[in-house]
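A.B. asks: 3D model of this:
(chains A and B)
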Amino acid sequence: MKVQLVDIAHARSGDKGDTANVGVIALKPEWYPFLAEQLTLDRVAKHFDGVITGGVERFELPNLNALNFLLHGALDGGGTLSLKTDAQGKVFSTAMLRMVLDVPDDRATSLGLPPAR
Amino acid sequence: MTSSADTNRIVRVAGGQGFWGDWLDAPRRQVEGGPVDYLMLDYLAEVTMSILQKQKERDPQMGYARDFLGAMESVLPAVVDRGVKVIANAGGVNPVACARAVLDVAAKAGAQGKLKIGVVTGDDLLPRIDELLDAGHSLTHMETGEPLSTVRDRVLSANAYIGSTPIVEALARGANVVVTGRSTDTALTMAPLRHEFGWGAEDWDKLAAGIIAGHIIECGAQCSGGNCLYDWRNIPDLANIGYPIVEARADGTFTIVKHPNTGGRINVPSVTEQCVYEMGDPNSYITPDVVADFTTIHLTDDGPDRVRVHGIKGRPATDKLKVSIAYRSGYKAVGTLVYAWPDALEKAQLADRVLRERLDNMGLKFDQLLTEFVGVSATHGPLTKFTGEAPEVQLRVGVRSNDRKDVERFTREIAPLVLNGPPSVTGFAGGRPKVEEIVAYWPALVDKTVVKTNVEVLS
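C.D. replies: Here you go, the predicted structure:
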């Protein structure tokens, strides 16, 4: 079954220089372990391939049912240098939530994950 | 030894401004909507200092956030009659002039002698840069490692982020308004808690709690339902949104609340979104006062529009301060045109190719030339995978160069496309794009020992 991140998580993003940070938060606490397992460094780097020019860092915050990702080289130089509409990385949050995950049907059912719209 | 009265005592710090440009009405609403002890106003972003420095060069009495004067006027009755104290980093690069202007505002309102303004200085390192470089403080760029000498002749401002200690001192000396320059945003909230509860400079867990309280309310309504993705459709009455208030206790636990009869929403999801905002390594949120650990934050819903925050741990501060340096870095301009159905995207793409060919033919050179198709791919780029038929598309082209002339020339190439490019184009009423000078940001570290803060109390 296909599951889209936007249906199982919410997010907020911001900037620090040329780096965007994306905090991804499980919509239900019981979905956090699944999120932490699925959102690996490699998967997130692949998701943003061609969107950012640098690497990705990943941090876990089980206390907030959240993961924090640093996307380097995301903002065309960042701050005042950037020519991008989203120079401050405000909507990298929902760019992350576009991600679609392939989940075995029985797993999705047992976790109560909604199918992608 | 704290008495049980102390243990139960609550100090309320209200966030009234999340950046310079935030809702003008928020400070007044925060002091009139219910009980608060402190009003915290955060005005400074990374590049704000350089704008203020330019203003000070033109007029030595300027260089601070002018919005603060209006805010002070609107909250003056609460400060004078009810003892609400105000803490703001509105001083920018000229905290003393800012404080004098506030005293003038008070005098005009008939409140002479009612304000004691604590002024914190010492963060401004601009006059000391060469002295620091000569003494071996290289001020290298924290990310690129480049030495400051590469941009030294273009530096506009340089300020150390300073912590809570001088604000605590100003409060201890009886100030009811504290004006700082480049204090950290979070220190503005933590300092009054340190002052009220007598937290020591090495009470790491409590200091960290104060810093995280500051982080949660420093962006104003962004923790109380503003810009909140979680259940956004059902967040009530955004027009009347309540800004956040920290109800803090001596043990370092606190509750995020807002005034009754205000809009917005405070719950675990809304506060969690703000916790992760602009987060780096959550294990080490480094401030001048303490290293706070965001992986120890625990949030609990505590009734409607109340979130209890507890469990926070901190570690000793480092021996460095971050320095925010701003320098001139060339010029930029952004031009836009709007293309309509049918084939809006194709037309915008053709216009972009035509524009680029003309810029090429003129031999103009840019460090960056960026095209976005707003309505299709500007915000999420290739992740959008757009295949539909857009009703309209905005072509948005930006250039960046050290050569002002080339950027100027670019700005003359947008409007002609209306008559000599692809059809169905509109949306050029704003006129020729403006050339902007770029002031770029250079983060560096400096030894704490070289920054000497000073507190003066004016009345």
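
A.B. asks: What strand or helix carries whichever residue of chain A sits closest to chain B?
C.D. replies: Of all residues in chain A, A:G23 sits closest to chain B, at 2.5 Å by Cβ to the nearest Cβ. Any C-beta I mention is one placed from the backbone N, CA and C, and that applies to glycine too. When elements are assigned from DSSP states H and E, A:G23 belongs to strand A:19-26.

A.B. asks: and that strand, average pLDDT?
C.D. replies: Regarding strand A:19-26, the rounded mean pLDDT is 98.

A.B. asks: Show me what counts as buried in the lengthiest strand in chain B.
C.D. replies: Across chain B, the strand with the greatest residue count (assigned by DSSP state E) is strand B:320-340. Taking 16 or more other Cβ atoms under 10 Å in any protein chain shown as the basis for neighbour counts, the residues of strand B:320-340 that come out buried are B:321-340.

A.B. asks: so B:M190 sits right up against B:A213, yeah?
C.D. replies: Yes - under the criterion of Cβ atoms under 8 Å, B:M190 makes contact with B:A213 at 7.0 Å.

A.B. asks: related to what we said a few turns ago, the residue of chain A closest to chain B against B:E273, yeah?
C.D. replies: Yes - contact status for A:G23 versus B:E273: in contact at 7.2 Å, counting by Cβ under 8 Å.

A.B. asks: which ones are touching the nearest residue to B:G92 once chain neighbours are set aside?
C.D. replies: With Cβ to Cβ, 6 or more residues apart in numbering or on different chains as the criterion, B:G92 has its nearest non-adjacent residue at 3.8 Å, and that residue is B:L52. Listed by Cβ atoms under 8 Å, 6 or more residues apart in numbering or on different chains, the contact set of B:L52 reads B:M62, B:G63, B:Y64, B:A65, B:G92, B:V93, B:N94, B:S157.

A.B. asks: out of B:M190 and B:A213, which sits in the more crowded spot?
C.D. replies: Here B:M190 and B:A213 are compared on neighbour count by other Cβ atoms under 10 Å in any protein chain shown; more neighbours surround B:M190, at 33 against 28.

A.B. asks: excluding its backbone neighbours, what's nearest that one?
C.D. replies: Computed as Cβ to Cβ, 6+ apart, the closest residue to B:M190 that is not its neighbour in sequence is B:G210, at 3.2 Å.

A.B. asks: For the one you found, what are phi and psi?
C.D. replies: phi -60, psi -40 (degrees, to the nearest 10).

A.B. asks: Tell me the buried residues in stretch B:444-452?
C.D. replies: Of the residues in stretch B:444-452, those buried (16+ other Cβ under 10 Å) are B:A444, B:L445, B:V446, B:V451.

A.B. asks: contacting residues around the last one?
C.D. replies: So that's B:V451. With the criterion set at Cβ under 8 Å, 6+ apart, B:V451 makes contact with B:G122, B:D123, B:L125, B:A160, B:I162, B:L321.

A.B. asks: So which of those is the closest to A:V100?
C.D. replies: Nearest to A:V100, judged by Cβ to Cβ, of the contacts of B:V451 is B:L321 at 44.4 Å.

A.B. asks: From B:H195, how far out is B:Y38?
C.D. replies: Relative to B:H195, B:Y38 is positioned 9 Å away (Cβ to Cβ, to the nearest Å).

A.B. asks: Neighbour count for the two, which is higher?
C.D. replies: Neighbours were counted for B:Y38 and for B:H195 using other Cβ under 10 Å; B:Y38 has more, 29 against 21.

A.B. asks: Make sure B:R404 is actually in contact with B:V435.
C.D. replies: Yes - the criterion here is Cβ under 8 Å, and B:R404 meets it with B:V435 at 6.5 Å.

A.B. asks: Give the intersection of the neighbour lists for those two.
C.D. replies: Jointly contacting B:R404 and B:V435 under the rule Cβ under 8 Å, 6+ apart are B:Y331.

A.B. asks: quick one, which of those two is more surrounded?
C.D. replies: Set side by side, B:R404 and B:V435 show unequal neighbour counts under other Cβ under 10 Å, the larger going to B:V435 at 16 against 13.

A.B. asks: wait, what's in contact with the more buried one?
C.D. replies: By Cβ under 8 Å, 6+ apart, the contact list for B:V435 reads B:Y331, B:K332, B:A333, B:R404, B:V407, B:E408, B:T411.

A.B. asks: One more: B:E456?
C.D. replies: B:V96, B:G118, B:V119, B:T121.

A.B. asks: Run through the residues that contact the last one.
C.D. replies: With contacts defined as Cβ under 8 Å, 6+ apart, the neighbours of B:T121 are B:G91, B:P95, B:V96, B:G181, B:T453, B:N454, B:E456.

A.B. asks: Over to the second one?
C.D. replies: The neighbours of B:G118, taking Cβ under 8 Å, 6+ apart as the test, are B:I167, B:E169, B:A170, B:L171, B:R173, B:A175, B:V177, B:V178, B:V179, B:V455, B:E456, B:V457.

A.B. asks: Quick one: name whatever helix or strand follows the host helix or strand of it.
C.D. replies: For B:G118, the host element (DSSP H and E) is strand B:117-121. Along the chain past strand B:117-121, the next helix or strand (assigned with DSSP H and E) turns out to be helix B:129-134.

A.B. asks: tell me what that following helix is packed against?
C.D. replies: Using 3 or more Cβ pairs under 8 Å, 6 or more residues apart in numbering or on different chains; DSSP states H and E as the contact definition, helix B:129-134 packs against no other helix or strand.

A.B. asks: picking that back up, check contacts around the residue of chain A closest to chain B.
C.D. replies: A:11-13, A:61, A:66-69, A:93, B:272-273, B:275-277, B:279.

A.B. asks: Looking at chain B, what residue ends up closest to chain A?
C.D. replies: When distances are taken as Cβ to the nearest Cβ, chain B approaches chain A most closely through B:V276, which lies 2.5 Å from it.

A.B. asks: Do I have it right that B:D42 meets B:G21?
C.D. replies: No - between B:D42 and B:G21 there is no contact, the gap being 11.4 Å when judged by Cβ under 8 Å.

A.B. asks: between those two, which one's more packed in?
C.D. replies: Comparing B:D42 with B:G21 by neighbour count (other Cβ under 10 Å), the higher total belongs to B:D42, at 28 against 12.

A.B. asks: List just the nearest of the contacts of B:G118 to B:Q368.
C.D. replies: For those, the minimum distance to B:Q368 (Cβ to Cβ) is 38.5 Å, reached by B:V179.

A.B. asks: What ranges does chain B have for its helices?
C.D. replies: Ranges of helices within chain B are B:4-8, B:26-32, B:48-58, B:67-82, B:95-108, B:129-134, B:165-172, B:187-197, B:204-217, B:268-275, B:344-361, B:404-411, B:417-420, based on DSSP state H.
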